[in-house]
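In: can you look at this prediction? I've put the sequence above it.
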Amino acid sequence: MMTRVATYGGSRSTLANIQRSFVRLDRAQEQVVTGKRVNRVSDNPTDGVSSVINRTLLKRLEQYERNATEADAWLLANDSALADSATSLISARSRLVQVGGAPDAVARKAIADELRATAETMIGTANATKAGRQIFSGTADVATAYALDGSYLGNATPVTIPVFDSIAIRVDRMGPEVFGVYDAGDPSAGNIFQQLRWMADEIEAGNVAVAASGLGTIDHALERLATAQVELGTRHAQLESIQANIAGSKVSTTAAISKNEDVDAAEAIMNWRTRQSAYESALKVSAQTMQQSLLDFIR
Amino acid sequence: MSTFGGLNTAVSGLNAHKRSIEVIGHNVANVNTEGFSRRQVVLEPSVGLRTASRHNTGFSWSNLGVNIATVHRVRDAFLDARARSSAAGSSEANKLTEVLGTLEAAMPEPGDNGLNTKLANFWNAFSDAANQPGATPQRTSVLAQGESLATGIRNAAESLQVAHDNYSRELGDVIAEVNSLSDQVADLNSQIRQSTISGMNAADMMDQRDVLIDRLAALTGATTRPGEYNQTTVVLGGSTLVSGELREHLAVREIGPLNPPLNNLDPQMTQVQWARDGYAAASLGGTTGGIVAALNDVIPRYMNELDTVAQTLISTVNAQHQLGEGQDAVSGRNFFDVSGPGPVSKRIMLSSDVAGQPQNIALAASGGGALDGSNGYALAALMTSATGANASYESMLGRLGIEGQAAASRAETQDQFAQQTETQRTSVAGVNVDEEMTNLMMSQRAYEASARMLTAIDELLDVLINRTGIVGR
């Protein structure tokens, strides 16, 4: 129990208390002004570090989002190229059906020319690009996936894009998978471009029997295209659900960061008000008591 | 008893109370003086000669009145010691908090300007480049982000070094102040001794000296021992800093590498030594102790942690980068490198394998084709690796944050303790105006009463001298 208080010591400890009150007010003000509960890690090491980790996660999710957009663009480019190829093949198929009516040489030449044109159109489609890059050539850096003679110039490495932790989606179809494998020796057993040209040659030469087996060949090619499209569709569906996941994770991570770092505005302002009135009353009381001494009362 | 003895008694009262009033005046004048100890006039009744003799009736009338026994300097040595040791503790804790705050400022997290953001941008640049392996702008952006990350790490390391340099300089200043203080204390000791021996009051000099010792204690954690003739001996870690008028000086020296595992860093072990013989000054506290701990432990420890982050970054990125190949299908290239020997965090830079050559960034897996991006994605995935640079950076931040928080709360506790002991000390030694006013009234009244006594005796003598024996005149 302290029995006496020195005037100097009393005002010094009053000052120290006012200062401590002011520091608390200042901290509350910092929270209100910055809107942050954790302005440095030492404010709250646990929340601070988890906030740092969450910020990294958020960046990663934003990257996944960009990767998914990229994957989406790939799938779309593939899909439209495949659809175009299928359209071309269906028109070629209807030409072949006409061969059944035993056409004359002029008509046969017209059909053959049309088949050749289809082959060329399809090669053009197979050389489709996405942002200047061939989409059917794997990871090879080539100007075109297919040469004019229908031979494949790409490689056999698939293009995969990671779109989430440990999920990578394959976004391409390689030429040989979609259009068949090139066969330099036997064009009838080669890819669809070779086959169309071979059929054109045979029909022009009068071998109309080819048309019958050709229908099967084209149907087979259409089936390959359809399979590829179904597969792309499946991946697209998968990608969409992953994109939804990413968006959801982004929201929850952002919320976690905000929960760690941000102040509850109402609470912060109330804290600040409380501390401000504490500070003001400290000032008022000190001003009153420090003024007074026995001197005020004697004589 | 002599005729005029009563006058002497009254005069002794006038003198004593006038002196009391003067002392009260001194106290009031110094009410706001730091380190001032209030004075108290101790009065005692005059004691006459009591020599045993035939005529001595047991009470001497020869010497009535009051004496000033002493003017006491009110001070509690125990509270002094407590206030000093708690002030030293608070200075040390505050210094460490300040140091950790500086370190935290060098790594502004959580935020958008720290290394964490630079790391994330770097990893993401690999992903973006892997999305377009043939595009030079994206590859160049990987180099730019890598450069920015390396610069960020170098800057952080540089900030830590600057902090170390600054505290090193501050230690020099503090030790210079300590030396000057010990000189002043020794000089005052000598003056106090002379005054005391010659019977003069040395209280004001003692106050002045004790303020200097307070500062000395806050700076070094020194303790005191009373010496003879009101001198004070100042002791630092068992050795004498000031004894009487003898004083020792301190010096700062670097004595070789820090203790492992910090021995590979640039800072050297700093030691505060006795200037005379070069022995280490033991158990330093206060500001000096705080700075020495910062120089030899705290700052180097975080330099080392930052180094670990840089090393992890270099080794993980390079290992993965070497697996892949650039657009020329050549593998085995490094991404990061260090310039010369020494701490990695200060010397991390882009490897000459890739600097300025975006085509050499190994985005493709080995044999994966020119437009393969799978190694780029693998590099980007290092972001979430449990043994990667991010993980080691996060654990460093965690330790820094916890240490900073603990230091801040320790400093606050120490501050409150120091303030409390200081209040206790001033409650004994400090001046209270109310008390002085009361004493003033008492002394004033006593003075008035003594004056009245004088008047009364004067009247008695007047009767005796002027009106006695004048019958019939």
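Out: Received it, and whenever you're ready, just let me know what you need. Residues are numbered from 1 along each chain as shown, chains lettered A, B, ... in the order given.
In: which helices and strands sit right next to the helix or strand harbouring B:Thr316?
Out: If you go by DSSP states H and E, B:Thr316 is part of helix B:299-323. Here helix B:299-323 touches helix B:77-106, helix B:136-197, strand B:336-338, helix B:344-347, strand B:348-350, helix B:374-380, helix B:389-429, going by 3 or more CB pairs under 8 Å, 6 or more residues apart in numbering or on different chains; DSSP states H and E. (C-beta placed from N, C-alpha, C; glycine too.)
In: can you tell me which of those is packed in deepest?
Out: Burial of the helices and strands packed on helix B:299-323 is given as mean neighbour count (mean count of other CB atoms under 10 Å in any protein chain shown); helix B:374-380 ranks first at a mean of 25.
In: can you name the residue of the stretch 1-150 of chain B nearest chain A?
Out: B:Ala120 (3.6 Å; CB to the nearest CB).
In: pull the contacting residues for the closest residue to that residue other than its chain neighbours.
Out: Nearest non-adjacent residue to B:Ala120, counting by CB to CB, 6 or more residues apart in numbering or on different chains: A:Lys59, 3.6 Å away. Contacts for A:Lys59 (CB atoms under 8 Å, 6 or more residues apart in numbering or on different chains) come out as B:117, B:120-121, B:123-124, B:383.
In: what's the answer for A:Ser11, then?
Out: A:Ser11 neighbours (CB under 8 Å, 6+ apart): A:Met290.
In: please redo it, this time with the cut-off set to 10 Å
Out: With contact set as CB atoms under 10 Å, 6 or more residues apart in numbering or on different chains, A:Ser11 has these partners: A:5, A:286, A:289-290, B:31-32.
In: tell me the one of these nearest A:Thr144?
Out: A:Ser286 (86.0 Å; CB to CB).
In: excluding chain neighbours, what is closest to the closest one?
Out: A:Thr14 (4.9 Å).
In: confirm that neighbour sits in a helix?
Out: Yes - inclusion of A:Thr14 in a helix is indicated when DSSP: H, G, I helix; E, B strand; the rest coil is applied.
In: and it, how many neighbours does it have?
Out: Neighbour count for A:Thr14, taken as other CB atoms under 10 Å in any protein chain shown: 17.
In: kindly report the same for the one 4 residues further on.
Out: Residue crowding around A:Ile18 was assessed by other CB under 10 Å; the count is 15.
In: give me the distance between it and chain B.
Out: 12 Å (CB to the nearest CB, to the nearest Å).
In: what bits of chain B have low per-residue confidence?
Out: Applying pLDDT under 70 to chain B flags the ranges B:1, B:48-63, B:473.
In: still on that earlier bit, in helices, which of the contacts of A:Ser11 fall?
Out: Taking DSSP state H, the ones among those that sit in helices are A:286, A:289-290.
In: the residue of the stretch 101-250 of chain A found nearest chain B is in what secondary structure piece?
Out: Proximity of the stretch 101-250 of chain A to chain B (CB to the nearest CB) peaks at A:Thr139, 3.0 Å away. Using DSSP H and E, A:Thr139 is not contained in any helix or strand.
In: that one touches B:Ala370, doesn't it?
Out: Yes - with contact defined as CB atoms under 10 Å, A:Thr139 reaches B:Ala370; the gap is 6.8 Å.
In: now do the shared contacts for those two.
Out: With contacts taken as CB under 10 Å, 6+ apart, the residues that reach both A:Thr139 and B:Ala370 are A:155, A:157, B:133-134, B:364.
In: if we can go back for a sec, give the buried residues for the helix holding B:Thr316.
Out: For helix B:299-323, the neighbour count (16 or more other CB atoms under 10 Å in any protein chain shown) marks B:299-314, B:316-318, B:320-322 as buried.
In: tell me what angle it forms with helix B:136-197.
Out: Angle, helix B:299-323 to helix B:136-197, by axes from the mean of the first three to the mean of the last three CA atoms, to 10 degrees: 170 degrees.
In: quick one, helix B:299-323 and helix B:77-106 angle?
Out: Using the same axes, to 10 degrees: helix B:299-323 against helix B:77-106 is 20 degrees.
In: point me to the residue of the stretch 301-450 of chain B nearest chain A.
Out: Nearest to chain A, among the residues of the stretch 301-450 of chain B, is B:Gly430, at 2.2 Å (CB to the nearest CB).
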